[in-house]
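Undergrad: Sharing a sequence plus its predicted fold:
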Amino acid sequence: MTFHGRAAHAGMYPDDGRSAIAAAARAISEFRLGRVDEDSTANVGTIKGGTATNIVPEWCTFEAEARSHDEAKLADLVGEMQNAITFAATVADCEVETRARKSYRGYRFAKRDDAVVLAVQALESCGYEVVYDRSGGAADANVFNERGLQCVNLANGMIDIHTSDERIAVADLEGMVDVTLALVEAARS
């Protein structure tokens, strides 16, 4: 989303300006962020705007996302965000450009589906306990499944994902090599 306001001198003529940052902040403050419900999450990941502290900011851009395991909930959540953006722009007398796009499609398998059966065989043959769970993440598996190629995403033991403390133990990486080889063997038989 990009808000367009009007620049003005912040110390001498602030009333002549229309702050794009204030408009964006108002919109964001109305978003339901974090874990929205048992199926959905939302986040604002980047925000940029303005040119100097003594200038009412003429522009502000931010990027947000919404995810849900339920397509209707996702549509509602995106609609709420778009309504908050439009309202904030109107109140601040700013213009706003929005662009919404679907990054990837979620997928779901049954325990009897071929990709799941192969993954279970490989994991169990390597001594791992199989746990079935939904993920809020995305990976190449989403793209493969959207194109009709069944692919299950397996967790590899990463800790503190997407933080400055993200890490994985060497033993977990080595274990995934064993699982990969077991997957090839299970698929061959």
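TA: Thanks, I have the structure now.
Undergrad: OK, contacts around the residue nearest to the spatial centre of the chain?
TA: The centroid of the chain falls nearest to Glu65 when counting by C-alpha atoms, centre = their mean (5.1 Å). The contact partners of Glu65, by C-beta atoms under 8 Å, 6 or more residues apart in numbering, come to Ala42, Asn43, Gly45, Ser103. Backbone N, C-alpha and C define where each C-beta goes, glycine included.
Undergrad: May I ask you to confirm that the third one is in contact with Ala66?
TA: No: contact between Gly45 and Ala66 fails when scored by C-beta atoms under 8 Å: they sit 11.6 Å apart.
Undergrad: which residues are in contact with the worst-scoring helix or strand of the chain on mean pLDDT?
TA: Here the helix or strand of the chain ranked lowest by mean pLDDT, DSSP states H and E is helix 140-146, holding a mean of 90. The list of residues contacting helix 140-146 from outside it, by C-beta under 8 Å, 6+ apart, reads Tyr104, Arg105, Gly106, Tyr107, Gln150, Cys151, Val152, Asn153.
Undergrad: Buried ones in it, by neighbour count?
TA: Residues Ala141, Asn142, Phe144, Asn145 are the ones in helix 140-146 that count as buried (16 or more other C-beta atoms under 10 Å).
Undergrad: For Cys60, state which of those residues is nearest.
TA: Comparing those against Cys60 with C-beta to C-beta places Asn142 closest, at 30.5 Å.
Undergrad: So what sits opposite Pro66 in the bridge?
TA: One thing to correct before we go on: residue 66 is Ala, not Pro. Counting by DSSP bridges, Ala66 forms beta bridges with Ala42.
Undergrad: That one: what's it in contact with?
TA: Listed by C-beta under 8 Å, 6+ apart, the contact partners of Ala66 are Val36, Ser40, Thr41, Ala42, Leu74, Leu77, Val78, Met81.
Undergrad: can you rerun that using 10 Å?
TA: With contact set as C-beta atoms under 10 Å, 6 or more residues apart in numbering, Ala66 has these partners: 31-33, 36, 40-43, 73-81, 100.
Undergrad: Can you select the buried ones from these in PyMOL?
TA: To isolate the buried ones among the contacts of Ala66 in PyMOL, judged by 16+ other C-beta under 10 Å, type:
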select buried, resi 31+36+40+41+42+73+74+77+78+80+81
